[in-house]
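Undergrad: here is my input, please return the structure:
(one chain, ligands or ions: 2)
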Amino acid sequence: MSDVLLHVEHLSHSFVNGHGSRKQVIKAVDDVSFDVHAAETFGLVGESGCGKTTTGRTIIRLYEPSAGKVTFDGREISGPMTRDLRKYLSNNLAMIFQDPIESLNPRMTIEEIVGEGLKLRGVTNKSERHVQVVEMLHRVGLTEEHASRYPHEFSGGQRQRIGIARAMIVHPRMIIADEPVSALDVSIQAQVINLLNDLKQEMGLTILFIAHNLSVVKYFSDRIGVMYYGKLVEVANSDDLYLHPMHPYTRALLSAIPEPNPLTERHRVRIDYDPERDHDYSKEKPEMRDLGNGHSLYCSETEYEKALKELD
Ligand SMILES: Nc1ncnc2c1ncn2[C@@H]1O[C@H](COP(=O)(O)OP(=O)(O)OP(=O)(O)O)[C@@H](O)[C@H]1O
Ligand SMILES: [Mg+2]
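TA: Numbers count the residues shown, from 1 in each chain. Ligands and ions are numbered 1, 2, ... in the order given. Predicted structure coming up:
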(Lines give C-alpha, C1' and ligand atoms only; values in the text may rest on other atoms or scores of the structure.)
(Ligands and ions follow the chains in the order given, each with its own letter.)
Protein backbone atom coordinates (compact mmCIF):
# COMPACT_ATOMS: atom_id res chain seq x y z
CA MET A 1 0.00 0.00 0.00
CA SER A 2 1.21 3.51 -0.76
CA ASP A 3 2.47 5.96 1.86
CA VAL A 4 0.17 7.73 4.23
CA LEU A 5 0.11 11.44 3.35
CA LEU A 6 -2.67 12.68 5.63
CA HIS A 7 -3.14 11.02 8.99
CA VAL A 8 -6.19 12.02 11.04
CA GLU A 9 -6.29 10.72 14.59
CA HIS A 10 -9.21 11.14 17.02
CA LEU A 11 -10.12 14.48 15.47
CA SER A 12 -13.04 16.40 16.98
CA HIS A 13 -14.64 19.77 16.45
CA SER A 14 -17.59 21.14 18.40
CA PHE A 15 -19.70 24.21 17.75
CA VAL A 16 -21.19 26.08 20.65
CA ASN A 17 -24.50 27.79 19.92
CA GLY A 18 -26.32 30.16 22.27
CA HIS A 19 -25.44 31.30 25.78
CA GLY A 20 -26.26 30.42 29.38
CA SER A 21 -29.08 27.92 29.79
CA ARG A 22 -29.65 27.96 26.02
CA LYS A 23 -26.08 26.91 25.37
CA GLN A 24 -25.88 23.95 23.07
CA VAL A 25 -22.77 22.06 22.08
CA ILE A 26 -22.84 20.33 18.69
CA LYS A 27 -20.22 17.65 18.23
CA ALA A 28 -19.97 18.17 14.49
CA VAL A 29 -16.89 15.95 14.23
CA ASP A 30 -16.57 13.40 16.99
CA ASP A 31 -13.39 11.35 17.39
CA VAL A 32 -12.74 10.73 13.70
CA SER A 33 -9.65 8.81 12.52
CA PHE A 34 -8.59 7.91 8.98
CA ASP A 35 -5.59 7.93 6.66
CA VAL A 36 -5.30 9.23 3.12
CA HIS A 37 -2.49 7.72 1.07
CA ALA A 38 -0.37 9.70 -1.38
CA ALA A 39 -1.95 10.05 -4.85
CA GLU A 40 -5.24 8.43 -3.86
CA THR A 41 -8.74 9.83 -3.81
CA PHE A 42 -10.47 9.33 -0.51
CA GLY A 43 -14.23 9.87 -0.63
CA LEU A 44 -15.99 11.14 2.48
CA VAL A 45 -19.75 10.61 2.33
CA GLY A 46 -22.78 11.01 4.53
CA GLU A 47 -26.05 12.90 4.71
CA SER A 48 -26.41 16.63 5.12
CA GLY A 49 -25.20 17.87 8.51
CA CYS A 50 -23.13 14.79 9.38
CA GLY A 51 -19.91 16.83 9.64
CA LYS A 52 -18.12 16.41 6.30
CA THR A 53 -17.42 20.09 5.69
CA THR A 54 -16.39 20.57 9.32
CA THR A 55 -13.94 17.68 8.99
CA GLY A 56 -12.35 19.27 5.91
CA ARG A 57 -12.24 22.72 7.42
CA THR A 58 -10.74 21.46 10.68
CA ILE A 59 -8.00 19.57 8.84
CA ILE A 60 -7.04 22.67 6.88
CA ARG A 61 -7.33 24.84 10.03
CA LEU A 62 -10.23 27.04 9.03
CA TYR A 63 -11.69 25.64 12.26
CA GLU A 64 -9.66 24.79 15.34
CA PRO A 65 -9.62 21.13 16.39
CA SER A 66 -11.27 20.58 19.81
CA ALA A 67 -9.23 17.40 20.19
CA GLY A 68 -7.10 15.02 18.17
CA LYS A 69 -4.12 15.21 15.94
CA VAL A 70 -3.54 15.58 12.20
CA THR A 71 -0.26 14.99 10.42
CA PHE A 72 0.65 15.69 6.80
CA ASP A 73 3.65 13.88 5.38
CA GLY A 74 4.70 13.16 8.96
CA ARG A 75 4.49 16.79 10.12
CA GLU A 76 1.89 17.74 12.69
CA ILE A 77 -0.50 20.34 11.27
CA SER A 78 -2.92 20.46 14.21
CA GLY A 79 -0.58 22.17 16.70
CA PRO A 80 -0.32 25.86 17.61
CA MET A 81 -0.60 28.11 14.55
CA THR A 82 2.66 29.75 13.56
CA ARG A 83 3.62 31.67 10.44
CA ASP A 84 5.67 28.73 9.38
CA LEU A 85 2.76 26.30 9.74
CA ARG A 86 0.39 28.69 7.92
CA LYS A 87 2.86 28.79 5.04
CA TYR A 88 3.32 25.02 5.06
CA LEU A 89 -0.46 24.53 4.94
CA SER A 90 -1.02 26.99 2.09
CA ASN A 91 1.78 25.41 0.06
CA ASN A 92 0.58 21.87 0.55
CA LEU A 93 -3.17 21.76 1.08
CA ALA A 94 -5.95 23.62 -0.69
CA MET A 95 -9.70 23.50 -0.47
CA ILE A 96 -12.37 23.69 -3.14
CA PHE A 97 -15.43 25.05 -1.39
CA GLN A 98 -18.92 23.63 -1.40
CA ASP A 99 -20.63 26.80 -2.56
CA PRO A 100 -18.98 28.26 -5.67
CA ILE A 101 -21.01 31.47 -5.36
CA GLU A 102 -20.44 32.29 -1.71
CA SER A 103 -16.79 31.33 -1.72
CA LEU A 104 -15.73 33.79 -4.42
CA ASN A 105 -15.35 37.43 -3.36
CA PRO A 106 -17.77 39.36 -5.64
CA ARG A 107 -15.55 42.46 -5.63
CA MET A 108 -12.46 40.68 -6.88
CA THR A 109 -11.65 39.88 -10.49
CA ILE A 110 -10.92 36.30 -11.48
CA GLU A 111 -7.28 37.30 -11.92
CA GLU A 112 -7.14 38.52 -8.31
CA ILE A 113 -9.02 35.51 -6.95
CA VAL A 114 -6.92 32.91 -8.73
CA GLY A 115 -3.67 34.84 -8.23
CA GLU A 116 -4.12 35.29 -4.48
CA GLY A 117 -2.31 32.08 -3.59
CA LEU A 118 0.70 33.15 -5.67
CA LYS A 119 0.79 36.50 -3.88
CA LEU A 120 0.79 34.72 -0.51
CA ARG A 121 3.56 32.56 -1.82
CA GLY A 122 5.66 35.64 -2.52
CA VAL A 123 5.26 35.97 -6.29
CA THR A 124 5.26 39.78 -6.17
CA ASN A 125 5.76 40.41 -9.88
CA LYS A 126 2.35 41.15 -11.38
CA SER A 127 3.11 40.06 -14.94
CA GLU A 128 4.63 36.84 -13.68
CA ARG A 129 1.44 36.18 -11.72
CA HIS A 130 -0.63 36.99 -14.81
CA VAL A 131 1.21 34.39 -16.89
CA GLN A 132 0.61 31.71 -14.27
CA VAL A 133 -3.03 32.69 -13.76
CA VAL A 134 -3.75 32.52 -17.49
CA GLU A 135 -2.00 29.17 -17.75
CA MET A 136 -4.16 27.82 -14.93
CA LEU A 137 -7.34 29.30 -16.44
CA HIS A 138 -6.58 27.48 -19.69
CA ARG A 139 -5.93 24.32 -17.75
CA VAL A 140 -9.41 24.40 -16.22
CA GLY A 141 -11.11 25.25 -19.52
CA LEU A 142 -11.38 29.05 -19.20
CA THR A 143 -9.64 31.76 -21.24
CA GLU A 144 -7.47 34.85 -20.74
CA GLU A 145 -10.49 37.12 -21.37
CA HIS A 146 -12.12 35.68 -18.25
CA ALA A 147 -9.32 37.03 -16.05
CA SER A 148 -10.63 40.59 -15.89
CA ARG A 149 -14.24 39.62 -15.17
CA TYR A 150 -16.10 39.22 -11.86
CA PRO A 151 -17.64 36.05 -10.34
CA HIS A 152 -21.29 37.03 -11.04
CA GLU A 153 -20.57 36.96 -14.78
CA PHE A 154 -20.04 33.19 -14.70
CA SER A 155 -22.22 30.10 -14.68
CA GLY A 156 -22.16 27.62 -11.78
CA GLY A 157 -19.89 25.21 -13.64
CA GLN A 158 -17.50 28.00 -14.61
CA ARG A 159 -17.41 29.26 -11.03
CA GLN A 160 -16.46 25.82 -9.83
CA ARG A 161 -13.64 25.81 -12.42
CA ILE A 162 -12.49 29.14 -10.98
CA GLY A 163 -12.52 27.53 -7.51
CA ILE A 164 -10.42 24.66 -8.84
CA ALA A 165 -7.98 27.07 -10.51
CA ARG A 166 -7.67 29.05 -7.28
CA ALA A 167 -6.90 25.87 -5.33
CA MET A 168 -4.49 24.43 -7.91
CA ILE A 169 -2.44 27.57 -8.64
CA VAL A 170 0.12 26.85 -5.91
CA HIS A 171 0.38 23.19 -6.99
CA PRO A 172 -0.65 21.81 -3.62
CA ARG A 173 0.02 18.15 -2.87
CA MET A 174 -3.47 17.62 -1.61
CA ILE A 175 -6.89 19.07 -2.35
CA ILE A 176 -9.95 18.91 -0.15
CA ALA A 177 -12.83 19.09 -2.60
CA ASP A 178 -16.03 19.82 -0.68
CA GLU A 179 -18.97 18.67 -2.81
CA PRO A 180 -17.37 20.25 -5.87
CA VAL A 181 -20.17 19.16 -8.17
CA SER A 182 -23.35 18.97 -6.13
CA ALA A 183 -24.43 22.51 -7.00
CA LEU A 184 -24.07 21.77 -10.73
CA ASP A 185 -26.32 20.33 -13.42
CA VAL A 186 -25.80 16.64 -13.99
CA SER A 187 -24.38 17.30 -17.48
CA ILE A 188 -21.74 19.64 -16.05
CA GLN A 189 -20.90 17.38 -13.09
CA ALA A 190 -19.06 14.87 -15.27
CA GLN A 191 -16.96 17.63 -16.86
CA VAL A 192 -15.78 18.95 -13.51
CA ILE A 193 -15.09 15.43 -12.20
CA ASN A 194 -13.09 14.64 -15.33
CA LEU A 195 -11.11 17.83 -14.86
CA LEU A 196 -10.25 16.87 -11.29
CA ASN A 197 -9.32 13.39 -12.45
CA ASP A 198 -7.01 14.76 -15.15
CA LEU A 199 -5.31 17.08 -12.66
CA LYS A 200 -4.92 14.16 -10.31
CA GLN A 201 -3.19 12.06 -12.97
CA GLU A 202 -1.02 14.89 -14.25
CA MET A 203 0.13 16.24 -10.94
CA GLY A 204 -0.02 13.16 -8.73
CA LEU A 205 -2.55 15.01 -6.63
CA THR A 206 -4.08 13.49 -3.50
CA ILE A 207 -7.77 14.28 -3.06
CA LEU A 208 -10.19 14.20 -0.16
CA PHE A 209 -13.49 14.22 -2.03
CA ILE A 210 -16.57 15.11 -0.01
CA ALA A 211 -20.04 14.16 -1.26
CA HIS A 212 -23.36 13.39 0.33
CA ASN A 213 -24.24 10.36 -1.70
CA LEU A 214 -22.31 7.37 -2.86
CA SER A 215 -23.18 7.59 -6.55
CA VAL A 216 -20.76 10.47 -7.16
CA VAL A 217 -17.78 9.01 -5.30
CA LYS A 218 -18.29 5.46 -6.52
CA TYR A 219 -16.20 5.70 -9.67
CA PHE A 220 -13.93 8.41 -8.44
CA SER A 221 -12.56 7.18 -5.11
CA ASP A 222 -9.96 4.60 -4.25
CA ARG A 223 -11.21 4.39 -0.70
CA ILE A 224 -14.31 5.70 1.00
CA GLY A 225 -15.21 6.77 4.53
CA VAL A 226 -18.85 6.94 5.61
CA MET A 227 -19.89 9.51 8.22
CA TYR A 228 -22.98 9.56 10.38
CA TYR A 229 -23.67 12.30 12.92
CA GLY A 230 -20.07 13.32 13.46
CA LYS A 231 -18.75 9.76 13.57
CA LEU A 232 -16.91 7.85 10.91
CA VAL A 233 -18.78 4.52 10.82
CA GLU A 234 -17.02 2.59 8.05
CA VAL A 235 -13.90 2.88 5.91
CA ALA A 236 -13.03 0.54 3.05
CA ASN A 237 -11.66 0.28 -0.47
CA SER A 238 -14.37 1.43 -2.89
CA ASP A 239 -14.97 -2.08 -4.23
CA ASP A 240 -15.16 -3.59 -0.77
CA LEU A 241 -17.57 -0.94 0.38
CA TYR A 242 -19.91 -1.66 -2.53
CA LEU A 243 -19.60 -5.42 -2.41
CA HIS A 244 -19.43 -5.90 1.36
CA PRO A 245 -20.94 -2.95 3.18
CA MET A 246 -20.94 -3.86 6.86
CA HIS A 247 -22.48 -0.89 8.63
CA PRO A 248 -26.28 -0.67 8.35
CA TYR A 249 -25.97 3.03 7.52
CA THR A 250 -23.64 2.25 4.60
CA ARG A 251 -26.21 -0.30 3.39
CA ALA A 252 -28.90 2.36 3.60
CA LEU A 253 -26.79 4.81 1.58
CA LEU A 254 -26.09 2.17 -1.06
CA SER A 255 -29.75 1.27 -1.34
CA ALA A 256 -30.49 4.93 -2.14
CA ILE A 257 -28.49 4.85 -5.38
CA PRO A 258 -30.85 4.54 -8.36
CA GLU A 259 -30.18 1.60 -10.69
CA PRO A 260 -29.44 2.56 -14.30
CA ASN A 261 -31.52 -0.38 -15.52
CA PRO A 262 -35.28 0.41 -15.30
CA LEU A 263 -36.14 -3.25 -14.63
CA THR A 264 -33.86 -3.60 -11.62
CA GLU A 265 -34.67 -0.04 -10.58
CA ARG A 266 -38.32 -1.01 -10.22
CA HIS A 267 -37.37 -3.73 -7.74
CA ARG A 268 -34.81 -1.69 -5.84
CA VAL A 269 -35.50 -1.91 -2.11
CA ARG A 270 -34.65 1.11 -0.01
CA ILE A 271 -33.17 0.22 3.35
CA ASP A 272 -33.63 2.68 6.17
CA TYR A 273 -31.23 3.10 9.07
CA ASP A 274 -32.46 3.45 12.61
CA PRO A 275 -29.64 3.46 15.18
CA GLU A 276 -32.02 2.62 18.05
CA ARG A 277 -33.32 -0.42 16.24
CA ASP A 278 -30.12 -1.52 14.51
CA HIS A 279 -27.71 -1.48 17.45
CA ASP A 280 -27.69 -2.31 21.11
CA TYR A 281 -24.92 -0.26 22.63
CA SER A 282 -26.34 -0.36 26.17
CA LYS A 283 -23.75 -2.88 27.39
CA GLU A 284 -21.04 -2.92 24.73
CA LYS A 285 -19.68 0.38 23.50
CA PRO A 286 -18.90 0.77 19.82
CA GLU A 287 -15.46 1.69 18.57
CA MET A 288 -13.58 1.61 15.26
CA ARG A 289 -12.40 -1.96 14.67
CA ASP A 290 -10.19 -3.40 11.97
CA LEU A 291 -11.78 -6.07 9.76
CA GLY A 292 -8.59 -6.55 7.72
CA ASN A 293 -7.78 -5.55 4.16
CA GLY A 294 -8.05 -1.86 5.03
CA HIS A 295 -11.70 -2.26 6.02
CA SER A 296 -12.72 -0.79 9.36
CA LEU A 297 -16.07 -0.65 11.05
CA TYR A 298 -17.48 1.33 13.95
CA CYS A 299 -19.12 -1.44 15.96
CA SER A 300 -19.47 -3.32 19.23
CA GLU A 301 -17.58 -6.53 19.98
CA THR A 302 -20.64 -8.64 19.08
CA GLU A 303 -21.17 -6.78 15.80
CA TYR A 304 -17.48 -7.18 15.08
CA GLU A 305 -17.59 -10.97 15.49
CA LYS A 306 -20.63 -11.10 13.22
CA ALA A 307 -19.01 -8.94 10.55
CA LEU A 308 -15.85 -11.07 10.57
CA LYS A 309 -17.97 -14.20 10.03
CA GLU A 310 -19.90 -12.59 7.20
CA LEU A 311 -16.72 -11.52 5.45
CA ASP A 312 -15.11 -14.92 5.85
N1 LIG B 1 -20.63 27.65 11.78
C2 LIG B 1 -21.40 26.80 12.45
N3 LIG B 1 -21.93 27.10 13.65
C4 LIG B 1 -22.68 26.24 14.35
N5 LIG B 1 -22.98 24.99 13.93
C6 LIG B 1 -22.50 24.61 12.74
C7 LIG B 1 -21.67 25.49 11.92
N8 LIG B 1 -21.32 24.83 10.80
C9 LIG B 1 -21.89 23.60 10.88
N10 LIG B 1 -22.59 23.47 12.05
C11 LIG B 1 -23.30 22.25 12.48
O12 LIG B 1 -22.38 21.19 12.51
C13 LIG B 1 -22.94 20.00 11.97
C14 LIG B 1 -22.11 19.52 10.79
O15 LIG B 1 -22.17 20.48 9.74
P16 LIG B 1 -21.36 20.33 8.37
O17 LIG B 1 -21.53 21.58 7.61
O18 LIG B 1 -19.98 19.89 8.68
O19 LIG B 1 -22.15 19.13 7.68
P20 LIG B 1 -22.00 18.54 6.19
O21 LIG B 1 -21.86 17.06 6.35
O22 LIG B 1 -20.94 19.25 5.45
O23 LIG B 1 -23.44 18.83 5.57
P24 LIG B 1 -23.86 19.21 4.05
O25 LIG B 1 -23.91 17.91 3.29
O26 LIG B 1 -25.21 19.81 4.19
O27 LIG B 1 -22.86 20.17 3.51
C28 LIG B 1 -24.38 20.34 11.63
O29 LIG B 1 -25.17 19.95 12.72
C30 LIG B 1 -24.37 21.84 11.49
O31 LIG B 1 -25.61 22.38 11.84
MG1 LIG C 1 -20.94 20.40 3.77
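Undergrad: the stretch 51-200 of the chain against ligand 1: which residues are in contact?
TA: Counting by Cβ under 6 Å from any ligand atom, the positions of the stretch 51-200 of the chain adjacent to ligand 1 are G51, K52, T53, T54, Q98. The way it works is simple: take the backbone N, C-alpha and C, and place the C-beta from them, glycine included.
Undergrad: and the gap between the second one and ligand 2?
TA: Spelled out, it's K52. For K52, the distance to ligand 2 equals 5 Å [Cβ to the ion, to the nearest Å].
Undergrad: grab the nearest non-local neighbour of that residue.
TA: Distances taken as Cβ to Cβ, 6 or more residues apart in numbering place I210 nearest to K52, at 4.6 Å, with adjacent residues excluded.
Undergrad: what helix or strand is the one you found located in?
TA: strand 206-211 (DSSP states H and E).
Undergrad: what about that strand, near ligand 2?
TA: No: shown here: strand 206-211 not in contact with ligand 2 (Cβ under 5 Å from the ion), separated by at least 6.6 Å.
Undergrad: what's the offset of the next helix or strand after that strand from the middle of its chain?
TA: With elements assigned by DSSP H and E, the helix or strand that comes after strand 206-211 is helix 214-217. Chain-centre distance of helix 214-217: 12 Å, with Cα atoms, centre = their mean, to the nearest Å.
Undergrad: model confidence score at the closest residue to R75 other than its chain neighbours, please.
TA: Nearest residue to R75 in three dimensions, chain neighbours excluded: Y88, at 7.0 Å (Cβ to Cβ, 6+ apart). For Y88, the pLDDT comes out at 95.
Undergrad: what does the helix or strand hosting Y88 contact?
TA: According to DSSP H and E, Y88 maps onto helix 83-92. The contact list for helix 83-92 (Cβ atoms under 8 Å, 6 or more residues apart in numbering) reads 60-61, 72-73, 75, 77, 79, 117, 120-121, 170, 172-174.
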